[in-house]
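Enquirer: Got a predicted structure plus its sequence, pasted below:
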2 protein chains.
Amino acid sequence: MARIQMYDTTLRDGSQGEGVNFSLEDKLQITAKLDEMGFDYIEGGYPLSNPKDTEYFHRVAEMDLKHAKVTAFGMTRRKDIEAKDDVGMQALRDSQAPVVTIVGKTWDLHVTEVLRVSLEENLAMIADSVAFIKSCGREVIYDAEHFFDGFRANPEYALKTIKAAADAGADAIIPCDTNGGSLPEVITKYVDLVRSELDVPLGIHCHNDCDLAVANSLAAIEHGVVQVQGTINGLGERCGNADLISVIANLVTKKEGYSVLLDNNLHNLTELSRYVYELANMNFRSSQPFVGSSAFAHKGGMHVHAVNRLARSYEHIEPEIVGNERKVLVSELSGRSNIVAKTTKFQLDNDPELLTRILEKVQDLENEGYQFEAAEASFDLLVKKVAGTFKPHFEKIHYRVNVESDDSHEPLTEATIKLKVNDQQEHVVGEGDGPVNALDTALRKALCPFYPALEKMQLVDYKVRVINSAEGTAASVRVVIESRDEHKVWSSIGVSENVIEASWLALADSFEYKLYKDEGTFLE
Amino acid sequence: MARIQMYDTTLRDGSQGEGVNFSLEDKLQITAKLDEMGFDYIEGGYPLSNPKDTEYFHRVAEMDLKHAKVTAFGMTRRKDIEAKDDVGMQALRDSQAPVVTIVGKTWDLHVTEVLRVSLEENLAMIADSVAFIKSCGREVIYDAEHFFDGFRANPEYALKTIKAAADAGADAIIPCDTNGGSLPEVITKYVDLVRSELDVPLGIHCHNDCDLAVANSLAAIEHGVVQVQGTINGLGERCGNADLISVIANLVTKKEGYSVLLDNNLHNLTELSRYVYELANMNFRSSQPFVGSSAFAHKGGMHVHAVNRLARSYEHIEPEIVGNERKVLVSELSGRSNIVAKTTKFQLDNDPELLTRILEKVQDLENEGYQFEAAEASFDLLVKKVAGTFKPHFEKIHYRVNVESDDSHEPLTEATIKLKVNDQQEHVVGEGDGPVNALDTALRKALCPFYPALEKMQLVDYKVRVINSAEGTAASVRVVIESRDEHKVWSSIGVSENVIEASWLALADSFEYKLYKDEGTFLE
């Protein structure tokens, strides 16, 4: 079996996509998820570009990754300077990342017109940069930017650039179709040429500007490259990068002789795809191959009938292989297997009747717009509720939120809450910078005297998304709140037509989860 | 030049996609649009399946199409009946469509397990059906369903089915990858085999379940098929059909020797794509190759700098070729060159002092958490404000939002707004499902009497994101609102520690933008 290395750049190239913006916590969580599944390289960021990426490399160094190597991305040194004196090179070294990916210019036009250096100086910049990072004891991956366009324009010079990287000690060379404009026959022809000239392992890095990024990546693998760079869900600038979800699924289900990820991890692809969309605060793409919610949906009556008779008659693979599921009804429903997988920690396997009731409840809530992929805390509470073991730590009687604004000062926000706690009524008021902050303040005022551990808990993220945007501002909104204490990060969810009510629901779940967790009454 | 026939099935196979539903008028308008551009075949519907499709064929017969042939779609006759007595065959004949596309079974498994007829009867069904429609004087296209899966399972029988169609007089044979599970190398291998066996023109019909429908279509063309079946924007069941937009754009801009559509119609592709989304009531896919609004978007400062110097350095084709446009995103990663590019429509190139002030303002706002990459409307208003040409259509004096919830009913939301409009004071109250809806309702109440065009505007999306999540609920939030009228979609942004205030700011910008846009006082 030939190992094809999966190099994920969701956190770097993917975050160049319009509207994609990961927080530091998001990046660390995605890193953990990718590592767990057996991705080989995780390009975490560009240390020089912003403080968040610098901090990422400090934090990720403390994580205990089981398989993946984290890589730091940067450009070759600037012109007319020694590599060791270049701030970019220093930032790459100081990131302490075990692998460094250096991108350099291949296309003579870019060298002279964009970088504005001589062709010779560019070769020296490549060689010096690779050699410097190698001398720091790191693995070096060399990304040959615009390789295919550059090769077409000036093949001799393009080859010189990658030979400079190879001679300086690069551990792998990655021809990049940076503009995404190449057809498969161009990719394979040039990959063949490079293989005949170089003895270094090759990879491929494609963009989807021609709708061909997945096809191009597969074609390059067929012609001997051993690494594929891409992103989860094809996130990325313009039309995105090659979608590693599709590349992986095709390699495993359609080809023979290739090994990817860690064993038996293909069934996590759907969950991975949705997790990344959630953290990026993007909607799932229902028609996405393999993992989309419609990828195995059957609409035409004839088809559904046939599928019922004989599943494979209208499905190219079994949906379970990639963790997806057949969808025959119009609604977007979680399947039993999801629920089974999610409730294993509660050891409910031998209570099929309870499982059925949980499934029904989840389906009802999903119809209202809930999504539990990124809201484990609310899901765990739901299981307790259905199982009859949920005993609320507090009960809302009433809340009111008021926001007033004129031009003389910042808007004033006030929240009042009346709660029952331990059979006592608490009636409190809090103010805040906004309605959620005011509700949070009031809730703490009411609860901390009873549960002092709540003081250690803080909200770390707050996301809102419209579910059915056809209705404009009258549509439902889904609020996801991420909270943490000294030990753990958890997410809760609320759905309502009213963003304040949805926020309240998510907030209340977050507080309940914290209290149950501290009591140790979740069976985990 | 080899003519590659474009066979569009947006109106039939495309309408199998989840959430796609064209009215009769929609179908007629799309037909006219496709004809105008030079599509060769337009599959308008399945006459037997519903009255709308039957009516479509009556109406389309009255249209004066200049190039396209309309085709009616149907299955082979039912078993054990003469073709002339089959209601499906009769409906195809009665549609009066000049071309009829008959789909038949190729895969022995489907014949015996789904149709439940003998392998011989299926061959007779194919031959009889093709012969009957030919005897009615129509052109017949034969779609060989599940051809690639069927060929793999039983090559001999699969060949017999298409030979039956060819011998009965089919004018073209279309091997279909109905389940979308085939790789390009499978497609080309079997296309070669069929070509060596048959002397009838071949086409290709692909689905995108492996993310390869466009690649598969192009590969088949390379191996001699002369017709491509697909849909606009790749609409269709599950993961959709081959996107003819991408197929056409690739054939014309990346390959040589092929002729498609009528002359000089490539620049209408973007408009066609958006027109079909509009009629299907679907959101545009911003990352769609060639025609997406982000397909030529540039975010990173380095890239933008380079694009300004030399467009093709970061673009695989000129966006104008397909009727699209370059889009420079103003983002945290960007610098002066982004602003220069974005303000060219205002013709500020020769006012460097103004440019500097805009840049400073953008940087200040970006530090507060604004991001203009997805908020063109707010950016255009900002340019007017800095340039001193902004004269507000309304001024806020005061607003108040109140949300109350107890357990007896849904939360109640009320917004009051006091505004100055044309030197009059308007004091209004609105209620809504949530605070933004209530503010929107109140704002319309105050403004529509002065500006009736606002009634045509609606909010289509609402997104909230926490900017600095370290502070939890006290952090700033960024609200982006997407609005539309009959002509245009635009986005506006608001940032505040208070989600209500941020929503108000974005809402106010959206209303102002609509009013300025209608006055034509943006210099675009």
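Expert: Done, it's in. Since the model is a prediction, treat every value here as computed from it, not as a measurement.
Enquirer: for the stretch 251-400 of chain A, what spans make up the strands?
Expert: Applying DSSP state E, counting those that start in this stretch to the stretch 251-400 of chain A gives strands spanning A:258-259, A:395-406.
Enquirer: Residue ranges in the stretch 201-350 of chain A under the pLDDT threshold?
Expert: A:299-309, A:311-312, A:327-350 (pLDDT under 70).
Enquirer: Equivalent analysis for chain A, please.
Expert: For chain A, the stretches with pLDDT under 70 are A:299-309, A:311-312, A:327-350, A:367, A:373-374, A:468-474, A:521-524.
Enquirer: ok, now which ones touch A:Asn21?
Expert: A:Ser15, A:Ala280, A:Asn281, B:Gln371, B:Arg465 (Cβ atoms under 8 Å, 6 or more residues apart in numbering or on different chains). In this view, the C-beta of every residue, glycine as well, is placed from N, C-alpha and C.
Enquirer: Could I get the phi/psi values of the residue of the stretch 51-200 of chain A found nearest chain B?
Expert: At 2.6 Å from chain B, A:Gly181 is the closest residue in the stretch 51-200 of chain A, using Cβ to the nearest Cβ. The phi/psi pair for A:Gly181 (degrees, to the nearest 10) reads phi -100, psi 10.
Enquirer: can you list the residues of the stretch 101-250 of chain A near chain B?
Expert: When proximity is defined by Cβ under 8 Å from any Cβ of the partner chain, the stretch 101-250 of chain A lies next to chain B at A:107, A:109-110, A:113-114, A:146, A:178-181, A:183-185, A:208-212, A:214-215, A:218-219, A:222, A:234, A:237-240, A:243, A:246, A:249-250.
Enquirer: Any idea how many residues pack against whichever residue of the stretch 201-350 of chain A sits closest to chain B?
Expert: Relative to chain B, the nearest point of the stretch 201-350 of chain A is A:His316 (2.6 Å; Cβ to the nearest Cβ). Using other Cβ atoms under 10 Å in any protein chain shown, the number of residues around A:His316 comes to 24.
Enquirer: so the residue of the stretch 51-200 of chain A closest to chain B sits right up against A:Asn208, yeah?
Expert: No: if you go by Cβ atoms under 8 Å, A:Gly181 and A:Asn208 don't touch, sitting 10.6 Å apart.
Enquirer: between these two, which one's more packed in?
Expert: Neighbours around A:Gly181 and A:Asn208, counted as other Cβ under 10 Å, are more numerous at A:Asn208. The numbers are 27 against 21.
Enquirer: what's near enough to touch the more buried one?
Expert: A:Gly180, A:Val214, A:Gly234, A:Gly236, A:Arg238, A:Cys239, A:Gly240, A:Asn241, A:Ala242, A:Asp243, B:Ser287, B:Pro289.
Enquirer: A:Ile204: which element?
Expert: Using DSSP states H and E, A:Ile204 maps to strand A:203-206.
Enquirer: The stretch 201-350 of chain A: helices as residue ranges?
Expert: Ranges of helices within the stretch 201-350 of chain A are A:213-222, A:244-254, A:269-279, A:301-309, A:336-343, based on DSSP state H, counting those that start in this stretch.
Enquirer: Check which helices and strands the second one sits against.
Expert: So the one you mean is helix A:244-254. Counting contacts by 3 or more Cβ pairs under 8 Å, 6 or more residues apart in numbering or on different chains; DSSP states H and E, helix A:244-254 is packed against strand A:5-8, helix A:213-222, strand A:227-230, helix A:269-279.
Enquirer: how about the ones you listed in JSON lines, adding mean neighbour count?
Expert: Shown next, in JSON lines, are those (neighbours: other Cβ atoms under 10 Å in any protein chain shown):
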{"stretch": "strand A:5-8", "mean neighbour count": "24"}
{"stretch": "helix A:213-222", "mean neighbour count": "27"}
{"stretch": "strand A:227-230", "mean neighbour count": "27"}
{"stretch": "helix A:269-279", "mean neighbour count": "23"}
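Enquirer: Which one of these lies nearest to A:Leu28?
Expert: The closest of those to A:Leu28 is helix A:269-279. By Cβ to Cβ, the value is 10.5 Å.
Enquirer: does any bit of that closest one sit next to chain B?
Expert: No: on the criterion Cβ under 8 Å from any Cβ, helix A:269-279 is out of touch with chain B, staying 11.7 Å away.
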